[in-house]
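Peer 1: got a structure for you, letters missing:
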């Protein structure tokens with residue numbers, strides 16, 4: 001396989017087929033790129049497009065992000081999920097201020113020393129912003145490489161990942177422009193060489209694809225075993241006045257750490273009965289609706305109740321103005337609960 005011919009084909013294709021995305025500017029800004037890379041991890045591009053500019057308006061610089069409180073950062077991140085990324089981005093901004101006077105470093109080695117920055121994110125910023133020949137490997141890149149080489153192996157195995165990084169490094173060293181090539185690889189995997197139903201007729205490197213020649217594109221990569229999901233049962237209680245609603249803040253660690261929510265009882269074995277809510281201090285609980293929220297590791301069964309003022313008030317339960325809920329960090333599941341309760345518009 002001719003690495004130079006393959007990279008040239010991809011770079012030419014990307015020049016005319018790249019999606020118009022807000023972080024893809026002629027002169028890539030290091031901070032904007034850092035924010036976009038953290039947001040794009042495990043989140044659909046369409047959702048990131050919605051949240052990207054508002055987040056940057058709220059935190060227009062590394063220094064502004066570093067100076068913010070964690071609650072402010074989580075609130076601006078609401079809707080993107082995987083809130084650990086928001087905390088890592090916040091910690092990273094503080095480190096950039098402390099170690100680099102608020103300027104995102106241009107060295108791959110220095111980028112890798114920042115908290116929350118792994119090999120992929122460091123390589124993406126080093127190559128796309130600073131033009132360095134740094135490889136990147138994510139799920140899209142790995143899938144493209146496995147199909148090109150017709151390797152029917154599990155994508156997440158350590159041996160596969162190591163091999164993908166070696167191939168990506170060889171290709172980025174053979175390309176003309178590392179920034180264009182790396183983005184082209186990701187774009188190809190995101191829009192053409194997709195997991196199911198790959199659009200091979202639109203692929204600029206179809207002539208080089210071993211899987212297409214062998215008729216194995218649909219079976220590569222091998223599916224990874226589905227993670228066993230735990231069940232969690234949550235009873236969330238709505239207690240409101242005309243202009244405010246009672247919310248609690250979750251602990252600083254664990255699932256949905258630090259997020260605000262309706263007062264919620266949780267357990268793993270079964271759903272809560274209304275009498276148990278009364279015992280917990282919620283007067284006259286009335287069931288409104290139930291729904292299921294699925295995450296990578298959990299199936300969460302929510303039951304939403306309406307109740308009178310609590311007979312015993314937990315220490316972290318506070319009234320919050322309904323008009324200012326958008327300033328709080330609230331999970332997607334709890335946002336849905338608030339909409340079901342009629343507190344937020346659908």
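Peer 2: Yep, it's here. All of these numbers come straight from a predicted model, not from anything done at the bench.

Peer 1: Phi first, then psi, for residue 298.
Peer 2: Main-chain dihedrals, residue 298, degrees, to the nearest 10: phi -140, psi 150.

Peer 1: So what pairs up with it in the strands?
Peer 2: Taking DSSP bridges as the rule, residue 298 bridges to residue 230.

Peer 1: okay, now it: neighbour count?
Peer 2: Look at residue 298: counted by other Cβ atoms under 10 Å, it has 14 neighbours. (Glycine included, C-beta is placed from N, CA and C.)

Peer 1: which phi and psi does residue 292 have?
Peer 2: phi -110, psi 130.

Peer 1: Which residue ranges of the protein form strands?
Peer 2: For the chain, applying DSSP state E gives strands covering 230-238, 244-249, 260-261, 264-267, 286-294, 298-306, 317-321.

Peer 1: Just tell me which of those strands ends up closest to residue 148.
Peer 2: Closest approach to residue 148 among the strands of the chain is made by strand 286-294 (32.8 Å; Cβ to Cβ).

Peer 1: Kindly present the strands of the chain as TSV, with separate columns for mean pLDDT and distance to residue 51.
Peer 2: Compiled in TSV, these are given as follows (pLDDT from 0 to 100; distance: least, Cβ to Cβ, whole Å):
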stretch	mean pLDDT	distance to residue 51
strand 230-238	95	24
strand 244-249	92	22
strand 260-261	94	18
strand 264-267	94	25
strand 286-294	95	19
strand 298-306	95	23
strand 317-321	90	22
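
Peer 1: and those, which is most packed in?
Peer 2: strand 260-261 (a mean of 22; mean count of other Cβ atoms under 10 Å).

Peer 1: how close does residue 13 sit to residue 149?
Peer 2: Residue 13 sits 19 Å away from residue 149, going by Cβ to Cβ, to the nearest Å.

Peer 1: Also residue 262?
Peer 2: Distance, residue 262 to residue 149, by Cβ to Cβ: 50 Å.

Peer 1: higher neighbour count, the two?
Peer 2: residue 262 (24 against 17).

Peer 1: number of nearby residues for the nearest residue to residue 274 once chain neighbours are set aside?
Peer 2: Computed as Cβ to Cβ, 6 or more residues apart in numbering, the closest residue to residue 274 that is not its neighbour in sequence is residue 285, at 4.9 Å. Counted by other Cβ under 10 Å, the residues lying close to residue 285 total 23.

Peer 1: And residue 285, how far from residue 316?
Peer 2: Residue 285 is 20 Å from residue 316, where distance means Cβ to Cβ.

Peer 1: domain assignment for the chain?
Peer 2: 1-17+135-225, 29-128, 230-340 (automatic domain parsing).

Peer 1: per-residue pLDDT, residue 285?
Peer 2: The model reports residue 285 with a pLDDT of 92.

Peer 1: for it, what are its contacts?
Peer 2: Counting by Cβ atoms under 8 Å, 6 or more residues apart in numbering, residue 285 touches 237, 274, 277, 278, 305, 306, 307.

Peer 1: For the residue lying closest to the fourth one once chain neighbours are set aside, give its distance to residue 239.
Peer 2: Leaving out its chain neighbours, the residue that sits closest to residue 278 by Cβ to Cβ, 6+ apart is residue 285, at 6.5 Å. According to Cβ to Cβ, residue 285 and residue 239 sit 10 Å apart.

Peer 1: Next: residue 142.
Peer 2: Distance of residue 142 to residue 239, computed by Cβ to Cβ: 48 Å.

Peer 1: what do you get for residue 110?
Peer 2: On the measure of Cβ to Cβ, residue 110 and residue 239 end up 50 Å apart.

Peer 1: Look at those two and report which has more neighbours.
Peer 2: Shown here are residue 110 and residue 239; by other Cβ under 10 Å, residue 239 has more neighbours (22 against 16).
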